[in-house]
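Q: Any chance you could fold what I've pasted below:
(one chain, ligands or ions: 1)
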Amino acid sequence: VEVGAVADVHQPQIGAATTKVDDPLDDDPRVAAYFGDAWPVVGAFAGLLREHGVVRGLVGPNELGRLWERHLLNSAAAAALLPSEGTLVDLGSGAGLPGVVLAALRPGVHVVLLEPMERRTDWLRFVVDELGLANAEVVRGRAEEVAGTLLADAVTARAVSSVENLYRWSAPLVRAGGGLFALKGAKAAEEVVAARRVAVRTGWSEVRVVEASSLPDVGVTRVVCAVRAGGARRVR
Ligand SMILES: C[S@@+](CC[C@H](N)C(=O)[O-])C[C@H]1O[C@@H](n2cnc3c(N)ncnc32)[C@H](O)[C@@H]1O
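A: You can find the predicted model right below:
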């Protein structure tokens with residue numbers, strides 16, 4: 001066996017736009033059925049992530065084989081917890097998760113994809129344009145910088161910082177009675193306990209961890225939900 005030849009087979013194609021990695025849910029008809037009217041947009045978003053995600057450094061190569069379960073369905077599961085109208089800020093949207101998926105599932109909600117990194121806001125603008133997502137807007141900035149300019153009914157954040165920081169950063173962005181929905185990993189409940197003093201200090205109440213489902217055999221999404229008690233205000 002020629003070592004060089006073997007190495008060539010496994011070398012990534014530098015500059016190649018498409019990385020073909022099979023995802024067991026790719027051709028599963030339950031996925032399209034689950035998304036219903038949102039399927040054309042979400043299916044096209046999956047295609048864009050597959051075509052450009054790895055090359056643009058938005059998605060790790062190993063993630064392509066689990067794009068539906070770990071990312072798109074994981075994001076979609078939070079939709080059932082959200083209001084069906086008003087404004088939603090997706091804090092730290094990155095590749096567009098969960099914001100793009102939620103915009104597709106909640107066409108009556110104006111979704112602000114908030115992201116500080118220019119490379120990612122370029123990507124998000126491209127996605128919004130390609131998908132014709134009329135209810136989504138891209139804003140470049142850190143949450144701390146847009147306080148006072150954005151006021152939402154809800155904030156989502158997935159894989160962005162600690163619950164403590166999300167309480168602090170979201171408080172100025174959410175109206176009284178609005179909600180925070182932080183998509184978290186297995187340690188969500190522990191984070192909530194550790195952050196309970198900050199929750200009180202920053203005006204969040206009714207904090208709970210909800211296990212939201214999508215397809216029956218897909219892992220649940222843990223969402224830290226909190227209600228804004230005091231209305232938008234700057235907090236330490
Ligand atoms: C690990 S990525 C997660 C991206 C996406 N939410 C996802 O689930 O794939 C965290 C994102 O949060 C953004 N971010 C970090 N600090 C932020 C802040 N203070 N305000 C807004 N976004 C922030 C980063 O630029 C990055 O895109």
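Q: Contacts only, for Ala186.
A: Arg222 (CB atoms under 8 Å, 6 or more residues apart in numbering). C-beta: built from backbone N, CA, C; applies to glycine.
Q: and what of the one 5 residues further on?
A: Taking CB under 8 Å, 6+ apart as the contact definition, Glu191 lies against Ser162, Val163, Glu164, Lys184, Val224.
Q: Same check on Glu115?
A: Gly92, Ser93, Gly94, Thr121, Leu124, Val138, Val139, Arg140.
Q: Export those to JSON lines and append columns for neighbour count.
A: What follows is those, written out as JSON lines (neighbours: other CB atoms under 10 Å):
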{"residue": "Gly92", "neighbour count": "23"}
{"residue": "Ser93", "neighbour count": "28"}
{"residue": "Gly94", "neighbour count": "19"}
{"residue": "Thr121", "neighbour count": "18"}
{"residue": "Leu124", "neighbour count": "27"}
{"residue": "Val138", "neighbour count": "23"}
{"residue": "Val139", "neighbour count": "18"}
{"residue": "Arg140", "neighbour count": "17"}
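Q: Which ones among those also lie next to the ligand?
A: Gly92, Ser93, Gly94 (CB under 6 Å from any ligand atom).
Q: Mind checking which of those are in helices?
A: Among these, none falls in helices (DSSP state H).
Q: Now go through those residues and say which are in strands.
A: Judged by DSSP state E, strands contain none of the ones next to the ligand among the contacts of Glu115.
Q: Show me which of those residues is closest to Asp217.
A: Relative to Asp217, the closest of those is Gly94; by CB to CB it sits at 26.3 Å.
Q: Excluding covalently adjacent residues, which one is nearest to the closest one?
A: Arg120 (5.7 Å; CB to CB, 6 or more residues apart in numbering).
Q: wouldn't that neighbour be in contact with Gly57 here?
A: No: at 9.2 Å, Arg120 does not count as touching Gly57 under the criterion of CB atoms under 8 Å.
Q: Between the two, tell me which one has more neighbours.
A: Arg120 (21 against 12; other CB atoms under 10 Å).
Q: for the more buried one, what are its contacts?
A: Arg120 touches Leu58, Ser93, Gly94, Ala95, counting by CB under 8 Å, 6+ apart.
Q: model confidence over stretch 64-81, on average?
A: For stretch 64-81, mean pLDDT is 97.
Q: Ends of that stretch, what's the gap?
A: 27 Å (CA to CA, to the nearest Å).
Q: Ok, stretch 56-75 next?
A: 21 Å.
Q: Show me which residues of the protein sit near the ligand.
A: Checking the chain against the ligand by CB under 6 Å from any ligand atom, the hits are 91-95, 97, 114-117, 120, 142-144, 158-160, 169.
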